[in-house]
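Visitor: model the following, please.
(chains A and B)
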Amino acid sequence: MNRTIITVVGKDTVGIIARVCTYLADNKVNILDISQTIVQGYFNMMMIVDTNGMKKHFGEMAEELHRLGEDIGVDIKCQREEIFDKMHRI
Amino acid sequence: MINLFEVVETNEMITKENLDVRTITLGINLLDCIDSDLTRLNEKIYNKIYEAAKDLVKTGEEIAGEFGIPIVNKRISVTPIALVGGAACKTKEDFVSIARTLDKVAHQVGVNFIGGYSALVSKGMTKAEELLIRSIPQALSCTERVCSSVNLGSTRTGINMDGVRLMGQIIKQTAEETKEQDSLGCAKLVVFCNAPDDNPFMAGAFHGVTEADKIINVGVSGPGVVKNAVSKVKGENFEVLCETIKKTAFKVTRVGQLVAQEASKRLGVPFGIVDLSLAPTPAIGDSVADILCEMGLEYAGAPGTTAALALLNDQVKKGGVMASSYVGGLSGAFIPVSEDQGMIDAVEAGALTLEKLEAMTCVCSVGLDMIALPGDTKDTTISGIIADEMAIGMVNQKTTAVRVIPVIGKGVGESVEFGGLLGHAPIMPVNSFSCDGFVNRTGRIPAPIHSFKN
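Guide: This next block holds a predicted model:
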């Protein structure tokens, strides 16, 4: 399974999760886990997603999500899960 | 499963603390290019490097994009050119033609440096090696991306003092040849004792003859991450301090290991080593000197600096070793002056002198690095500085190096701007008492007694 971590950081506003999830659904990306907190008015979300069904190239998805983030006014990053796994698990 | 806090921690290291992979360096063996015809030799070198490295930059960028970690440099190291060019090169200009070929192919594949314009002369010099060394000033002044290194000694062979004397002259000539650019050529030239075969960092990278045909070596970095971690344990005891550095080094190195394995897989080239170096950049917060200050020193160079650096160097290795399957290169903490804002501040405050830097090189990973000297420093004085540094490496069985820049036309009190990763530096005073009588003796210093381990 190709697991990717999507992080969304920025000022809280209405519909952030809805818009990100709509993009993912349209691109056949399956959400495995979501966690989210708000610290001092800042929205902080992490999604673990499975990109096996996606037709697009990773770079294309990352770019489109980044642009979506700019549109909403938050910062959206896509990174393959291994970087976190390697760093935090032995 | 990974949790939100771990993800935030990693991303803060990247965005706020300058965590990056400093370099992916592709080592390429050129021994199979050897030819007695110079034109054919140059063609073979160009073709072999181009074929091996044409996807290097693109692959590096893809990996950086997918993992969200910057990979700052993509570079190439090749077999020491003195060995490759020996059969074809009869003059200095012949060797310079190879430097031009290396520069051309580096531009073509898009790497920012290519290392290996080198000679390994720790015991003696062949005719070809001497020619290559004498061609260095011209080679570095007519190329942009070629880096040169010369190994002048080792624990097993002693120090080649003829080489040391010659390199004092060559460094000054290189400075003269590139004086229009503040003697920038010297920033691309380093001399070593105990040079490793698998160093991914410039200017000293070359592809050792003990290596496979091609190899991927990765250099990590992360002084900012270590500094931030140390700032959270202010006033705690040494055990806590050391554990903190070790854990941080582990995390940083794991990223390097991941990138190295990915690059190796995608390029179809075996993974060599991860070099666990804390390599500073001129960016604020990306400084090894700042880590020393965070440990409790007012400036790098204050009493206690050598002990603090020894501790840092050791803990970085202890933490990093478990994080990577193969560790090599220079591994430890680099202490370049011009590339580290904290070091520059220390020099400007009068806290850090050349002599203190020399002491620090006994316990750090390399040596006197990126130090700007007055332009009128004598050749023999530079040779004396090199000899001292080589002796430290030889006796302590470690890699030491000298990369000093005598800035032609400038003196103490002035400063020099190299730009980019090479940074800027105040010109440091040099002890001006003569060592001519010592340096002008010919021959070599024998290997130390503890080299006889058979």
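Visitor: please report phi then psi for A:Ile6.
Guide: Main-chain torsions, A:Ile6, degrees, to the nearest 10: phi -110, psi 130.
Visitor: contacting residues around the spatially closest residue to it that is not a sequence neighbour?
Guide: Ranked by C-beta to C-beta, 6 or more residues apart in numbering or on different chains and with sequence neighbours excluded, the top spatial neighbour of A:Ile6 is A:Met47, at 4.4 Å. Heads up, the C-betas are built off the backbone N, CA and C, glycines and all. Residues in contact with A:Met47 (C-beta atoms under 8 Å, 6 or more residues apart in numbering or on different chains) are A:Ile5, A:Ile6, A:Thr7, A:Val8, A:Val20, A:Leu24, A:Ile31, A:Asp33, A:Ile34.
Visitor: narrow the residues you listed to those in strands?
Guide: Counting by DSSP state E, the part of those found in strands is A:Ile5, A:Ile6, A:Thr7, A:Val8, A:Ile31, A:Asp33, A:Ile34.
Visitor: number of nearby residues for the residue lying closest to A:Ser35 once chain neighbours are set aside?
Guide: With C-beta to C-beta, 6+ apart as the criterion, A:Ser35 has its nearest non-adjacent residue at 4.6 Å, and that residue is B:Leu4. Using other C-beta atoms under 10 Å in any protein chain shown, B:Leu4 is surrounded by 17 other residues.
Visitor: now for B:Leu4: which residues touch it?
Guide: Contacts of B:Leu4 by C-beta under 8 Å, 6+ apart are A:Ser35, A:Gln36, A:Thr37, A:Asn44, A:Met46.
Visitor: and the stretch 201-350 of chain B, which residues reach chain A?
Guide: Residues of the stretch 201-350 of chain B found near chain A (C-beta under 8 Å from any C-beta of the partner chain) are B:Lys251, B:Arg254, B:Val255, B:Gln257, B:Leu258.
Visitor: near chain B, which residues of chain A?
Guide: Checking chain A against chain B by C-beta under 8 Å from any C-beta, the hits are A:5, A:7, A:33, A:35-37, A:44, A:46, A:48, A:58-59, A:62, A:77-88.
Visitor: and with 6 Å instead?
Guide: Contacts of chain A with chain B, taken as C-beta under 6 Å from any C-beta of the partner chain, map to A:5, A:7, A:35, A:46, A:58-59, A:77, A:79-80, A:82-84, A:86-88.
Visitor: and residue 89, how many neighbours?
Guide: In the absence of a named chain, chain A is used. A:Arg89: 10 neighbours (other C-beta under 10 Å).
Visitor: not quite, I wanted chain B
Guide: Using other C-beta under 10 Å, B:Cys89 is surrounded by 24 other residues.
Visitor: nearest spatial neighbour of it, chain-adjacent residues omitted?
Guide: Using C-beta to C-beta, 6+ apart and skipping residues adjacent in sequence, the residue nearest B:Cys89 is B:Phe95, 4.9 Å away.
Visitor: quick one: mean pLDDT over the helix or strand containing the one you found.
Guide: Per DSSP states H and E: B:Phe95 is located in helix B:92-109. Averaged over helix B:92-109, pLDDT sits at 98.
Visitor: only the buried residues of that helix, if you could.
Guide: Across helix B:92-109, burial judged by 16 or more other C-beta atoms under 10 Å in any protein chain shown covers B:92, B:94-99, B:101-106, B:109.
Visitor: and if you look at stretch B:159-179?
Guide: Using 16+ other C-beta under 10 Å, the residues of stretch B:159-179 that count as buried are B:159-175, B:177-179.
Visitor: among those, name the ones in helices.
Guide: Counting by DSSP state H, the part of the buried residues of stretch B:159-179 found in helices is B:161-175, B:177.
Visitor: so what touches stretch B:120-134?
Guide: With C-beta atoms under 6 Å, 6 or more residues apart in numbering or on different chains as the test, stretch B:120-134 has contacts from B:Pro80, B:Ala82, B:Gly86, B:Lys92, B:Phe95, B:Ala119, B:Asn151, B:Gly153, B:Ser154, B:Thr157, B:Asn160, B:Gly163.
Visitor: what about residue 42, how many neighbours?
Guide: All of this refers to chain A. A:Tyr42, neighbours per other C-beta under 10 Å, totals 12.
Visitor: that was the other one, I meant chain B.
Guide: 22.
Visitor: that older thread, only the buried subset of the residues of chain A next to chain B, as a ChimeraX command please.
Guide: Buried residues among the residues of chain A next to chain B (16+ other C-beta under 10 Å), as a ChimeraX selection:
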select /A:5,7,46,58,77,79,80,82,83,84,86,87,88
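Visitor: dump the residue contacts of the residue of chain B found nearest chain A.
Guide: Relative to chain A, the nearest point of chain B is B:Gly68 (3.8 Å; C-beta to the nearest C-beta). B:Gly68 makes contact with A:Lys77, A:Gln79, according to C-beta under 6 Å, 6+ apart.
Visitor: most proximal residue of chain A with respect to chain B?
Guide: For chain A, C-beta to the nearest C-beta, closest residue to chain B: A:Gln79, 3.8 Å.
Visitor: helix or strand for that residue, just tell me which one.
Guide: strand A:74-80.
Visitor: and that strand, how far from the chain's centre?
Guide: 5 Å (C-alpha atoms, centre = their mean, to the nearest Å).
Visitor: give me the contacts around the helix ranked longest in chain A.
Guide: When chain A is parsed with DSSP H, its longest helix is helix A:58-72. Applying C-beta under 6 Å, 6+ apart, the contact partners of helix A:58-72 are A:Ile16, A:Tyr23, A:Asp75, A:Ile76, A:Cys78, B:Gly65, B:Glu66.
Visitor: 10 Å - rerun?
Guide: A:2, A:4, A:6-11, A:13-16, A:19-20, A:22-24, A:27, A:29, A:43, A:49, A:51, A:54-57, A:74-80, B:61-62, B:65-66, B:68 (C-beta atoms under 10 Å, 6 or more residues apart in numbering or on different chains).
Visitor: any quick ChimeraX command for the buried ones out of these?
Guide: Paste this into ChimeraX to select the buried members of the contacts of helix A:58-72, with burial taken from 16+ other C-beta under 10 Å:
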select /A:4,6,7,8,9,10,16,19,20,23,24,27,29,43,49,51,54,74,76,77,78,79,80 /B:62,65,66,68
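Visitor: what about B:Phe452, distance to B:Gly158?
Guide: Separation of B:Phe452 from B:Gly158 (C-beta to C-beta, to the nearest Å): 12 Å.
Visitor: could you do B:Asn3 as well?
Guide: Where B:Gly158 is concerned, B:Asn3 sits at a distance of 55 Å (C-beta to C-beta).
Visitor: higher neighbour count, the two?
Guide: Neighbours per residue (other C-beta under 10 Å) separate B:Asn3 from B:Gly158, with B:Gly158 holding more: 21 against 14.
Visitor: identify the bridge partners of that one.
Guide: B:Ser154 (DSSP bridges).
Visitor: report pLDDT for it.
Guide: In this model, B:Gly158 is scored at 97, pLDDT.
Visitor: which stretches of the stretch 201-350 of chain B form strands?
Guide: Here the stretch 201-350 of chain B has its strands, by DSSP state E, counting those that start in this stretch, at B:214-220, B:271-275, B:277-278, B:332-333.
Visitor: ok, the stretch 1-150 of chain B next?
Guide: B:21-28, B:71-78, B:113-120, B:146-154.
Visitor: how far does the last one sit from its chain's centre?
Guide: Taking C-alpha atoms, centre = their mean, one finds the center of strand B:146-154 at 10 Å from the center of the full chain.
Visitor: just the mean pLDDT for it, thanks.
Guide: Mean per-residue pLDDT for strand B:146-154: 98.
Visitor: ok, back up a step: next, format the strands of the stretch 201-350 of chain B as JSON lines and append mean pLDDT.
Guide: Shown next, in JSON lines, are these (pLDDT from 0 to 100):
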{"stretch": "strand B:214-220", "mean pLDDT": "95"}
{"stretch": "strand B:271-275", "mean pLDDT": "95"}
{"stretch": "strand B:277-278", "mean pLDDT": "90"}
{"stretch": "strand B:332-333", "mean pLDDT": "89"}
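Visitor: so which of those is nearest B:Pro196?
Guide: Between B:Pro196 and the strands of the stretch 201-350 of chain B, the tightest spacing by C-beta to C-beta is seen for strand B:271-275, at 8.8 Å.
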